[in-house]
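Trainee: with the sequence up front, the predicted model follows.
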Amino acid sequence: MDRTEAMDRTKAIDWMEAMDTMDNAKKLFFSKETAEKIAAGYGTPFYIYDAEGIRGAVRGLRKAFSWADFREYFAVKACPNPYILKLLKEEGTGVDCSSYTELLLAKACGFSGDGIMFSSNVTPAEDFEAARSLSAIINLDDFTHIDFLEKHGGIPEEICLRYNPGGDFSISGAIMGNPGEAKYGMTAEQILEAVRILGEKGVRSFGLHAFLASNMLGDDYWPALSRVLLELALRIRSETGVNVSFINLSGGIGIPYKPEDKPVDIEKVGASVKKVFEEAAARGLAMPSVKAELGRYITGPYGVLVARAIHRKDIYRHYIGLDACAANLMRPAMYGSYHHITVLGKENEKPAEVYDVTGGLCENNDKFAVERPLPEIEIGDLLAIHDAGAHGFAMGYNYNGKLRSSEFLLDGDGTCRMIRRAEKPSDYFATFDFEGSDIDIDGSF
């Protein structure tokens, strides 16, 4: 063993010892038997979601904001499955849509009117027209969209305005986001002018929205964001006489992807936001209602990607190849994001090796984990990739001709049902079926 190999081995042992205490910190909501049963009937990979976990997240959020006239608008982009949207509708949430197709999905699930928040940017005419046909609340991203919306759908009586304060967004001196570099929202001066113009065009109710940071694990993000928006609401009242009807805190509340991460105390967040609102009310602001557009917080921890180990490769590192890839879960490849991995049936085993866990795309960043200490993985083992319930399946794609997986929903009574079938080759080739096409691919050999 040369010096480099010895150093690598020492590092691996150190990592395994460090991981030993946290390997069991993340628990699954389903058993190995359930996963094997699904795999036997439908193959791998697949997504599985926890219905009761999702319901619990909504109920906890609503309880934390019971002091306010509050409503959650689930961010459809996070998990655009109609079965999950219908579940959320049963819990009283609305939906936050950002495109024509998401509006179609919302309509199919029975959402309309003030049950839809339409938060888009660089918005095509047909998207505004579709949103207005559903009487959705328009969350206007740009000052120039006033005239554009008037031509394409018309000006509603209620509208939300998206604010970008510019510069850096800091909490207790620490920079949490860089809104000055973001393409979203309007300046304060633009919003003041928009209130005046829209008021003349018939708007009677205004909301304010901002999204200044993402996946925040501290309990102080929404209170700080509330203060930013309420200060602007006070300025609007002072300079235009208009009382803002609602504050839209958007999303940004994070989830603990790593075993050592602490979850956000949503009760504490709600209490802190209440205090900020009470301070604004003491300065003469009529108490606005509160809206949110959480996605990750609602479904992220309650979705898991299950895949099977199909190859092992030993060169300069030890590689485990799965039948899933970045086309199924993009976040690790795109952002370098951490997703915890459990080897099903080996939850209580100590890490035995350091692996790169990979997919089969022709891209070297197609890795779910890099130098991750895990129990010994054998060909055929099922691996569960945690916290994939938001921006997981939703960000899937077809590079290398990879097909998207099936999805399943585990209900509180233990029943598990398919809520999306896996793609077939015929789905991949379907867009070549058009008038005048001379391409004929039957999808089989």
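Mentor: Here it is on my side, so go on.
Trainee: so residue 319 is in which element?
Mentor: Using DSSP states H and E, residue 319 sits within strand 318-322.
Trainee: and after that strand, which helix or strand comes next?
Mentor: Next along the chain after strand 318-322, taking DSSP H and E as the criterion, comes helix 331-335.
Trainee: tell me the mean pLDDT for that next one?
Mentor: The average of the pLDDT scores along helix 331-335 is 96.
Trainee: who's in contact with the helix or strand just after it?
Mentor: Next in sequence after helix 331-335, counting helices and strands by DSSP H and E, comes strand 341-343. By Cβ atoms under 8 Å, 6 or more residues apart in numbering, the surrounding residues in contact with strand 341-343 are 26, 28, 349, 357, 368-369, 372, 374-375, 377, 381-386. The way it works is simple: take the backbone N, C-alpha and C, and place the C-beta from them, glycine included.
Trainee: try 7 Å
Mentor: If you take Cβ atoms under 7 Å, 6 or more residues apart in numbering as the criterion, strand 341-343 is touched by 26, 28, 357, 368-369, 372, 374-375, 377, 381, 383-386.
Trainee: out of the residues you listed, which are buried?
Mentor: In the contacts of strand 341-343, burial by neighbour count holds for 26, 28, 357, 368-369, 372, 374-375, 377, 381, 383-386, counting by 16 or more other Cβ atoms under 10 Å.
Trainee: ok, the contacts of strand 341-343 vs residue 210, which is closest?
Mentor: Closest approach to residue 210 among the contacts of strand 341-343 (Cβ to Cβ): residue 386, at 29.9 Å.
Trainee: excluding covalently adjacent residues, which one is nearest to that closest one?
Mentor: residue 340 (4.2 Å; Cβ to Cβ, 6 or more residues apart in numbering).
Trainee: quick one: contacts for that neighbour?
Mentor: By Cβ under 7 Å, 6+ apart, the contact set of residue 340 is 26, 257, 259, 386-387.
Trainee: the residue nearest to residue 145 when sequence neighbours are not counted - how many residues pack around it?
Mentor: Nearest in space to residue 145, with sequence neighbours left out and distances taken as Cβ to Cβ, 6+ apart, is residue 123 at 6.6 Å. Neighbours of residue 123 under the rule other Cβ atoms under 10 Å: 22.
Trainee: and what of residue 215?
Mentor: 17.
Trainee: that one and residue 162, how far apart?
Mentor: 20 Å (Cβ to Cβ, to the nearest Å).
Trainee: what separates the strand holding residue 319 from the chain centre, distance-wise?
Mentor: Average the C-alpha atoms of strand 318-322, do the same for its chain, and the two points are 27 Å apart (Cα atoms, centre = their mean, to the nearest Å).
Trainee: check which helices and strands that strand sits against.
Mentor: The helices and strands touching strand 318-322, judged by 3 or more Cβ pairs under 7 Å, 6 or more residues apart in numbering; DSSP states H and E, are strand 303-314, strand 353-358.
Trainee: save the contacts of strand 341-343 as CSV, and put in distance to residue 97 too.
Mentor: Below are the contacts of strand 341-343 laid out as CSV (distance: Cβ to Cβ, whole Å):
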residue, distance to residue 97
26, 31
28, 31
357, 34
368, 30
369, 33
372, 36
374, 39
375, 42
377, 40
381, 39
383, 33
384, 30
385, 27
386, 27
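Trainee: in strands, which of those residues fall?
Mentor: Using DSSP state E, the subset of these located in strands is 357, 368-369, 372, 374, 383-385.
Trainee: reformat the residues you listed as a markdown table; add pLDDT and distance to residue 86.
Mentor: Listed next are the ones in strands among the contacts of strand 341-343 as a markdown table, based on pLDDT from 0 to 100; distance: Cβ to Cβ, whole Å:
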| residue | pLDDT | distance to residue 86 |
| --- | --- | --- |
| 357 | 98 | 34 |
| 368 | 98 | 30 |
| 369 | 98 | 34 |
| 372 | 98 | 36 |
| 374 | 98 | 36 |
| 383 | 98 | 30 |
| 384 | 98 | 25 |
| 385 | 98 | 25 |
